[in-house]
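[1] Sequence and predicted structure, then a few things I'm wondering about:
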Amino acid sequence: MRDLNALFADYSECHRTAGNKLFHRLGIPLIVLSLLGMLARVTLFRADGFSLDLGIVLLVASAIFYVALDWKLGAAMTAVTAAFYLAGRALPMWLNVALFVLGWIFQFIGHAVYEKNSPAFARNLVHLLIGPLWILKGMGPSARTNPAAH
C-alpha cells in the first residue's frame, strides 16, 4: 500500500483553491453519510437477530484500509465513519438520496468553478477513500506533511 503522505500529496494536487476545499469540506461528509445510509438498507445476511448490510461491509473495509495507512488517523476515521453510518441509517431514504446528490454537486462545483480540473478519483480510484481522510486530517499543507507529527 502506498504511503499516506504520498496519497495526501497526490490528492492535494487536485485540491489547491480555497473554493474547492470549501466545497469538498461540505460535499465529502454529505456523500459519506448518505452513502452509508443508503447501503445500510441493503441487507446481505439476516439470521437469529444478526444482520449484515452493505453499509457495515463498507465501514469495515474502509476501517481496514485506513488503519493500515495510519493507525491513529485510521481509528479516528473509523469512529467518524461509524457515527455517519448510524446517522445515515436513521435518515429517511429520500433524504439520503438528496444529500448524496447534493454532495456530488458540491464536488463538481469545486472542481469546475474553482479548481478547473478533474476530480482526483478520475485518475486514481483510491482517492475516493483518501478524500474523507484528507477532510478529517485537515486540508492544505498539513495534509501533505507527516501525519504522525500532528
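    Yep, it's here. Numbers count the residues shown, from 1 in each chain.
[2] how about the lengthiest helix in the chain: buried residues?
    Criterion DSSP state H: the longest helix present in the chain is helix 18-39. Under the neighbour-count criterion of 16 or more other Cβ atoms under 10 Å, helix 18-39 has 20-21, 23-24, 26-39 buried. Just so you know, the C-beta spots here come from the backbone N, C-alpha and C atoms, and that holds for glycine as well.
[3] Same check on stretch 70-84?
    Residues of stretch 70-84 classed as buried: 70, 73-74, 77-78, 80-81, 84 (neighbour count, 16+ other Cβ under 10 Å).
[4] Also stretch 85-100?
    Here stretch 85-100 shows 85, 88-89, 91, 96, 99-100 as buried, counting by 16+ other Cβ under 10 Å.
[5] Tell me which stretches of the protein form helices.
    Assigned by DSSP H, the helices in the chain fall at 4-12, 18-39, 54-69, 71-90, 93-109, 127-137.
[6] mean pLDDT lowest for which of the ones you listed?
    Note on these: helix 4-12 shows the lowest mean pLDDT, a mean of 87.
[7] Find the centremost residue of this protein, please.
    P132 (3.0 Å; Cα atoms, centre = their mean).
[8] I figured it hits M77, correct?
    Yes. Between P132 and M77 there is a contact at 6.8 Å, judged by Cβ atoms under 8 Å.
[9] List the buried residues for stretch 48-67?
    53-56, 58-59, 62-63, 65-66.
[10] Stretch 106-119: end-to-end distance?
    By Cα to Cα, to the nearest Å, the extent of stretch 106-119 from end to end equals 12 Å.
[11] what's in contact with it?
    For stretch 106-119, the external contacting residues (Cβ atoms under 8 Å, 6 or more residues apart in numbering) are 14-24, 26-28, 30-31, 127.
[12] Would you mark the buried spots in that stretch?
    Of the residues in stretch 106-119, 106-107, 109-111, 114-115, 117, 119 count as buried by neighbour count, 16+ other Cβ under 10 Å.
[13] Take these and lay them out in JSON lines including distance to G49.
    Listed next are the buried residues of stretch 106-119 as JSON lines, based on distance: Cβ to Cβ, whole Å:
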{"residue": "F106", "distance to G49": "39"}
{"residue": "Q107", "distance to G49": "38"}
{"residue": "I109", "distance to G49": "44"}
{"residue": "G110", "distance to G49": "43"}
{"residue": "H111", "distance to G49": "45"}
{"residue": "Y114", "distance to G49": "49"}
{"residue": "E115", "distance to G49": "48"}
{"residue": "N117", "distance to G49": "49"}
{"residue": "P119", "distance to G49": "41"}
